[in-house]
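Novice: here is the input, now give the coordinates:
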Amino acid sequence: MSGFLTALMATTLWASPASPPETPSPPVPLQAPKAPAERPAPKELSSEDREVVENLELLERLEEAEDLELLLELARED
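Specialist: Just a heads-up that it's a prediction; the model follows:
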């Protein structure tokens with residue numbers, strides 16, 4: 001009887017259709033970064049706006065000077 005089972009299993013395996021090979025899903029295309037939205041043309045700055053911009057630039061230069069002084073001080077300690 002075991003020979004019968006072996007023959008039955010062999011014919012069943014041989015007769016069963018092979019499953020189709022799994023195809024990998026295509027890679028997701030990378031998207032280029034979007035350009036920032038166009039800004040409207042700059043308007044003429046008011047006197048207050050100009051003062052704010054000038055003060056901001058002055059503060060940035062002071063910060064850079066402080067950074068430079070700190071670097072010079074650290075270099076002297078070496």
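
Novice: and what about residue 29, helix, strand or coil?
Specialist: Following DSSP: H, G, I helix; E, B strand; the rest coil, residue 29 is assigned to coil.

Novice: burial measure for it, as a count.
Specialist: By other Cβ atoms under 10 Å, 6 other residues sit near residue 29. C-beta coordinates here come from the backbone N, C-alpha and C atoms, glycine included.

Novice: got the phi and psi for it?
Specialist: Here is the backbone geometry of residue 29 (degrees, to the nearest 10): phi -70, psi 140.

Novice: how close does it sit to residue 22?
Specialist: Distance, residue 29 to residue 22, using Cβ to Cβ, to the nearest Å: 21 Å.

Novice: what of residue 62?
Specialist: For residue 62 relative to residue 22 (Cβ to Cβ), the value is 64 Å.

Novice: buried residues, the longest helix along the chain. List them.
Specialist: The single longest helix within the chain, with elements called by DSSP state H, is helix 47-77. Residues of helix 47-77 classed as buried by neighbour count (16 or more other Cβ atoms under 10 Å): none.

Novice: so where is the chain shaky, pLDDT-wise?
Specialist: 1-21, 32-33, 35-36, 39-42, 78 (pLDDT under 70).

Novice: at 80 instead, please
Specialist: Within the chain, the stretches with pLDDT under 80 are 1-43, 78.

Novice: quick one: list the elements packing against the longest helix of the chain.
Specialist: Identification of packing neighbours for helix 47-77 by 3 or more Cβ pairs under 8 Å, 6 or more residues apart in numbering; DSSP states H and E yields no helix or strand.

Novice: could you report the distance from residue 67 to residue 74?
Specialist: Taken as Cβ to Cβ, the span from residue 67 to residue 74 is 11 Å.
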